[in-house]
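S.K.: Predicted model, plus sequence, below.
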Amino acid sequence: MFSSEIFSRLERGAQVVLRKDAAAIIGFTGLQAGDRVVDAGAGSGFLSISLGSVVAPTGKVFSYEWKDDFFEIARKNVSRAGLEKVVEVKYEDVLEGIAEKDIDLVTLDLANSDKALAHAFAALKPKGYCVGILPNVEQAKRFTLEAEKLGFASCLTTEIIERRWLVREEGCRPETTGVLHTAFLTFARKPGQA
């Protein structure tokens with residue numbers, strides 16, 4: 001079993017996709033061992049590592065990053081997690097295209113993710129998912145409208161909020177802090193026969 005404690009030992013450069021959002025992506029899309037994934041906007045590689053731990057040992061994650069410093073951090077973090085055979089960190093800009101085909105899942109964690117949707121659509125197999133990881137609602141709107149225009153179906157936008165509770169003898173209540181908004185997740189599915 002993959003230990004999520006690895007994340008506390010990894011280097012952070014870019015903002016990372018937290019476990020709560022990664023788990024929602026994995027659960028909602030039905031990602032499983034053997035699946036093929038493109039993760040674009042690798043940043044520090046945290047999402048690529050989460051996805052790689054699920055698709056291993058026979059699946060593959062192609063992690064696109066075009067910034068030098070983030071590419072190096074992601075590559076080192078994937079190695080620290082022991083997933084070099086499953087996660088391939090590519091020094092490429094997803095806005096230039098996606099070389100891989102018959103992909104089960106594409107994740108887009110970019111400021112202008114809507115501009116990569118056409119490439120994602122072409123790379124996905126029928127019934128494959130594209131997930132936008134979008135910090136603000138205006139980005140989620142642009143992403144959804146562009147996805148619908150390209151022919152994606154079943155667009156759904158959600159946000160995952162983590163709120164911990166204090167459990168005490170004298171009573172239980174939510175803590176006054178938590179991991180509230182991190183990103184909107186927009187799920188778009190390519191139509192067709194699987």
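M.R.: Sure thing, it's come through.

S.K.: Next, count neighbours for residue 65.
M.R.: Using other C-beta atoms under 10 Å, residue 65 has 28 neighbouring residues. In short, each C-beta sits where N, CA and C put it, glycine included.

S.K.: what pLDDT does it get?
M.R.: Looking at residue 65, its pLDDT stands at 95.

S.K.: Kindly report the same for residue 4.
M.R.: At residue 4, pLDDT is 64.

S.K.: try residue 50
M.R.: 92.

S.K.: May I ask which helix or strand encompasses it?
M.R.: Residue 50 belongs to helix 46-55 when assigned by DSSP states H and E.

S.K.: Run the chain-centre distance for that helix.
M.R.: Mean C-alpha position of helix 46-55 versus that of the full chain (C-alpha atoms, centre = their mean, to the nearest Å) differs by 9 Å.

S.K.: how deep is residue 172 tucked in, by neighbour count?
M.R.: Number of residues near residue 172 (other C-beta under 10 Å) recorded here: 9.

S.K.: Who does it form a beta bridge with?
M.R.: With DSSP bridges as the criterion, residue 172 is bridged to residue 167.

S.K.: buried set for stretch 119-126?
M.R.: Buried positions in stretch 119-126, judged by neighbour count with 16 or more other C-beta atoms under 10 Å: 119, 120, 121, 123, 124, 125.

S.K.: Please apply the same query to stretch 34-51.
M.R.: 35-51.

S.K.: Stretch 77-92 now?
M.R.: Of all the residues in stretch 77-92, those buried under the rule 16+ other C-beta under 10 Å are 77, 78, 81, 83, 86, 87, 88, 89, 90, 92.

S.K.: was I right about residue 113 contacting residue 131?
M.R.: No: in this structure residue 113 lies outside contact range of residue 131 using C-beta atoms under 8 Å: 9.4 Å.

S.K.: Which of the buried residues of stretch 77-92 sits closest to residue 31?
M.R.: Taking C-beta to C-beta as the measure, residue 31 lies nearest residue 86 of the buried residues of stretch 77-92, at 12.8 Å.

S.K.: show me the contacts for that closest one.
M.R.: By C-beta atoms under 8 Å, 6 or more residues apart in numbering, the residues touching residue 86 are 52, 55, 56, 57, 59, 60, 61.

S.K.: Save the residues you listed as a markdown table, and put in neighbour count and distance to residue 137 too.
M.R.: Below are these laid out as a markdown table (neighbours: other C-beta atoms under 10 Å; distance: C-beta to C-beta, whole Å):
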| residue | neighbour count | distance to residue 137 |
| --- | --- | --- |
| 52 | 26 | 30 |
| 55 | 23 | 30 |
| 56 | 18 | 34 |
| 57 | 9 | 38 |
| 59 | 20 | 32 |
| 60 | 19 | 33 |
| 61 | 29 | 28 |
